[in-house]
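# Could you work out the structure for the sequence below:
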Amino acid sequence: MSNNDACGVGAPRTGKATIKHKGGFNAAVIVGLVALLSAAVLAYDADYLYMLVYVWFGVVYGLFLQYGRFCMASAVRDLFAVGVPRMAVGVMIAVVLYALTSAAVTMGGFSTFSAHPLGWHILIGGTIFGFGIIFTGGCASSSLYKSGEGNVGSMLVLVAISFSQAIFVSSEWFSQFVPASWTESALDKGMPEELDVTSTWFDQFMTGYIWDLSGGTVADMMGQSDTFVGIFIGNALLGAILPTALILVFLYAIAFRKGYMRREKIENPGLSDHMRGMWTMFTSSKNTAIAGLGIGIFAGLQMWVTSALRQKYDILNFGEMLERKGFYDQVSLQGTVFDPGYWYITTQEAQWGGWVLDKLGVSNMESNIFFGLENGIPNPLLNAPGMMSIGIILGAAVIANVNREFKWKLPSMETAIFALIGGTLMGIGARVGMGCNVGAFFAAVTNGDLTGWIFLAGMALGGFFGVRALTRWMEWRASRNDDEFAL
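This is a model prediction of the structure:
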């Protein structure tokens, strides 16, 4: 597998896309099967419309992600390894577009977003996550869409993310490293007897540390949570757009300006030259920016639709509907499951891993905070956000087939090992940082939650060291034989 395949750059698209070929037929089959199964589910029980909304929004996200090659791993790797800012610029432009959409949804009263607690864990989790994505060649979102392209290595990343999270939140391996203050605070919370909150590191991390923290959006800090000023000026402009503008200027200065001036043969550039250079940098990332705009619009629309359906069914969480259907063993002690109502990745994958381990008889899966009190362990067929992840894979498969980019790609042994190790680090980083490149960064900053920028700083730091470590490995391997090493 080539380095481009692994890191989301992909082969250049040539020729005009058409469905008059085998790939187009396959794409039509996928869409037809999803539509047919959706109709069958609705015929069986119309209440499952709530879950199907996740499926179809996932399909749309998959289309945009694959079209824009939307990949934070590629953004970090390209910047630090070869000094190319294209993907990083595209992601930043997408942040601006998504922030405006999120502000409109919030102003309309349909937002389902909750700000993250502010603490040191965000930087550490982001660093672990960022280190991991360099070795997998894909972030959480790109691992899904590349799985839809037939990339088996990305499928291994998803397996590693799923099981590493489930094992991490339920394991007692690190309990000896818990500070006494966490244990004391956890015991003071008066948790239900069914939960043994002092047995695992993660439970005490949550109850003894995370729950004692606070967080909020820029609008909350301004005391303008429900006003135009707070939402558009605070959350969108101050929380997302201005920081993004500063990052774009920084990327231009360190990674694009010199090459642009050399290509244009400009020796003494003025302000107008720099403005043209910035515009050239922006337009070179238009596919990623278009993908970001599409994701932003549909992520906002999903929040609106989910909010409307919650009102229709008189629920606050999909777990309530599962209980009405008699699936009491699928939900947490609070009667809840993971149900964000917007674009999110990794928690539902942790539920997949938890469900498999639970069926295999692994103990402590339902007696921990993550599964037992908050997210439950629903059957994958009844996991609404999990269906969104499956939808992303299917949506990516559709457009990959249409553009003749679908191809089964088997990883080498080294690539497979890196996928499993990197995916494991991504899973652990996501749980420590309370999210991934989507939930902890993209969805956070676009809703005015400044913790997202801290997670991004951690990802950049981890990515920097990941690139250095991978480079050292490649140099060491090359010194032992003449074979070219590629992810």
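# Could you use CA atoms for every contact and neighbour count after this?
Noted.
# In the strand or helix carrying residue 323, which residues are buried?
Taking DSSP states H and E as the definition, one finds residue 323 inside helix 318-324. For helix 318-324, burial by neighbour count (16 or more other CA atoms under 10 Å) applies to 318-322.
# what does it rub up against?
Outside helix 318-324, the residues that touch it by CA atoms under 8 Å, 6 or more residues apart in numbering are 50, 315, 328, 330-331, 335-339, 384.
# at 10 Å instead, please
For helix 318-324, contacts defined as CA atoms under 10 Å, 6 or more residues apart in numbering pick out 47-48, 50-51, 310, 313-315, 325-332, 334-341, 375-376, 378, 382-384.
# Can you give me the neighbour number for the closest residue to residue 223 other than its chain neighbours?
Closest residue in space to residue 223, ignoring its immediate chain neighbours: residue 230 at 7.6 Å, by CA to CA, 6 or more residues apart in numbering. Residues near residue 230, counting by other CA atoms under 10 Å, number 24.
# dump the residue contacts of residue 230.
Neighbouring residues of residue 230 by CA under 10 Å, 6+ apart: 103, 107, 217-224, 236-238, 448.
# Now the most centrally placed residue in the chain: phi and psi?
In the chain, the centroid-proximal residue (CA atoms, centre = their mean) is residue 438; its distance is 3.1 Å. Main-chain torsions, residue 438, degrees, to the nearest 10: phi -90, psi -60.
# coming back round to it: the residue nearest to residue 223 and residue 236, how far apart?
9 Å (CA to CA, to the nearest Å).
# which residues are in contact with both of the two?
Here residue 230 and residue 236 have 103, 218-219, 448 as joint contacts, going by CA under 10 Å, 6+ apart.
# before we move on, the earlier item: which PyMOL command selects the buried ones in the contacts of residue 230?
To isolate the buried members of these in PyMOL, using 16+ other CA under 10 Å:
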select buried, resi 103+107+217+218+219+220+224+236+237+238+448
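# from the contacts of residue 230, which ones fall inside helices?
103, 107, 218-222 (DSSP state H).
# looking at this structure, which helix or strand does the model trust least?
Using mean pLDDT, DSSP states H and E, helix 3-7 stands out as the lowest-scoring helix or strand of the chain, at a mean of 42.
# In the stretch 51-200 of the chain, where is pLDDT below threshold?
Residue ranges of the stretch 51-200 of the chain with pLDDT under 70: none are present.
# Verify the contact between residue 376 and residue 317 for me.
No - shown here, residue 376 and residue 317 do not form a contact pair, counting by CA atoms under 10 Å, at 11.8 Å.
# Need the residues touching each of the two.
With CA under 10 Å, 6+ apart, residue 376 and residue 317 have common neighbours 335-338.
# a markdown table for those, including pLDDT, distance to residue 118 and secondary structure?
Converted to a markdown table, the shared contacts of residue 376 and residue 317 look like this (pLDDT from 0 to 100; distance: CA to CA, whole Å; DSSP: H, G, I helix; E, B strand; the rest coil):
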| residue | pLDDT | distance to residue 118 | secondary structure |
| --- | --- | --- | --- |
| 335 | 93 | 27 | coil |
| 336 | 95 | 24 | coil |
| 337 | 96 | 23 | coil |
| 338 | 95 | 21 | coil |
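# Export those residues to TSV and append columns for neighbour count and distance to residue 269.
What follows is these, written out as TSV (neighbours: other CA atoms under 10 Å; distance: CA to CA, whole Å):
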residue	neighbour count	distance to residue 269
335	21	62
336	25	59
337	28	56
338	24	53
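# The nearest residue to residue 209 once chain neighbours are set aside: helix or strand, and which one exactly?
Spatial nearest neighbour of residue 209, excluding adjacent residues (CA to CA, 6+ apart): residue 182 at 6.0 Å. Per DSSP H and E, residue 182 falls inside helix 180-188.
# If anything else comes up later, I'll come back, but that's it for now.
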